[in-house]
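J.: the sequence and its predicted three-dimensional model are supplied below.
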Amino acid sequence: MVTTPPSPPLSRVPIRFGAHYAAVVIVEGQVFVKESQAPNGQVYTFYRLRLADGSFLRLPRAYRGRPMAGLVGAYIRGTFWPRTNGQGLLEKFLRLGRIGAPKGDSKGHPFMAAQGRVAFVDREEGRFGLEVRPNPKGRLKEPFTLTLWAPLSLLEGLPPVGSGVYVEGEARLKTRRLVAKKVEPARLWDDPS
């Protein structure tokens, strides 16, 4: 197992994915509404989740058939499905996977956990790729690769490309980076026997 020096505590409970591929960002914050008026006078309403550090994530208009308007002002825990772009930065709009009651004190950076295969290691840029593939009977249809930023000490301790790993770290929303803090080997459902 490779770790970096301790950071402020993350608001989370340990996540275990079993032998499945997965990637999540977990945040806690307050739901608020933002309105914007178009030049023609029409008003558009947007829902956001404001985090303790002042950053925010967009929320859909409804969650499981219930309007988001009913949650304005509420403190919630949101689980989002992250994706990174060609520059290795989080996409601006993360898809909401689940809403629940907050479980922590909302201090520290949002929590990130992922499990997949090491796709590449770029020591010069301080990052590595994690391929996340569809699971049997899962909702994901196409594989994707997340770019995770990491200190050199963690990158040097990574297992070879193609190896299964479990990663924990932080989602730094202001800089749009997923930062790995801990990596450990993981067995995945499609490993050879």
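T.: Good, I have the coordinates. Numbering: from 1, shown residues only.

J.: rest of the way, CA atoms for contacts and neighbours
T.: Noted.

J.: what pLDDT does the residue nearest the centre of the chain get?
T.: Nearest to the geometric centre of the chain sits residue 25, at 2.6 Å (Cα atoms, centre = their mean). Listed pLDDT for residue 25 reads 95.

J.: which element is it on?
T.: strand 22-37 (DSSP states H and E).

J.: give me the contact list for the helix or strand that that strand is followed by.
T.: Downstream of strand 22-37, the next assigned helix or strand under DSSP H and E is strand 43-51. Strand 43-51 has contacts (Cα atoms under 8 Å, 6 or more residues apart in numbering) with 27-38, 56-61, 68-69, 106.

J.: stretch 70-89: end-to-end distance?
T.: Separation of the first and last residues of stretch 70-89 by Cα to Cα, to the nearest Å is 32 Å.

J.: buried stuff in that stretch?
T.: 71, 75-84, 88-89 (16 or more other Cα atoms under 10 Å).

J.: again with stretch 161-176
T.: For stretch 161-176, by 16+ other Cα under 10 Å, it's 163-173.

J.: quick revisit: and the closest residue to the residue nearest to the centre of the chain other than its chain neighbours, what are its bridge partners?
T.: Leaving aside its chain neighbours, residue 25 sits nearest to residue 112 (4.5 Å; criterion: Cα to Cα, 6 or more residues apart in numbering). According to DSSP bridges, the residues that bridge with residue 112 are residue 25, residue 169.

J.: same thing with residue 31?
T.: When assigned by DSSP bridges, residue 31 has beta-bridge partners residue 49.

J.: ok, it touching residue 75?
T.: Yes: the pair residue 31 / residue 75 is scored as a contact, 6.4 Å apart, by Cα atoms under 8 Å.

J.: any stretches of the protein with poor pLDDT?
T.: 1-14, 104-108 (pLDDT under 70).

J.: now the helices for it?
T.: Ranges of helices in the chain, per DSSP state H, are 152-156.

J.: what is the burial count for residue 15?
T.: 12 (other Cα atoms under 10 Å).
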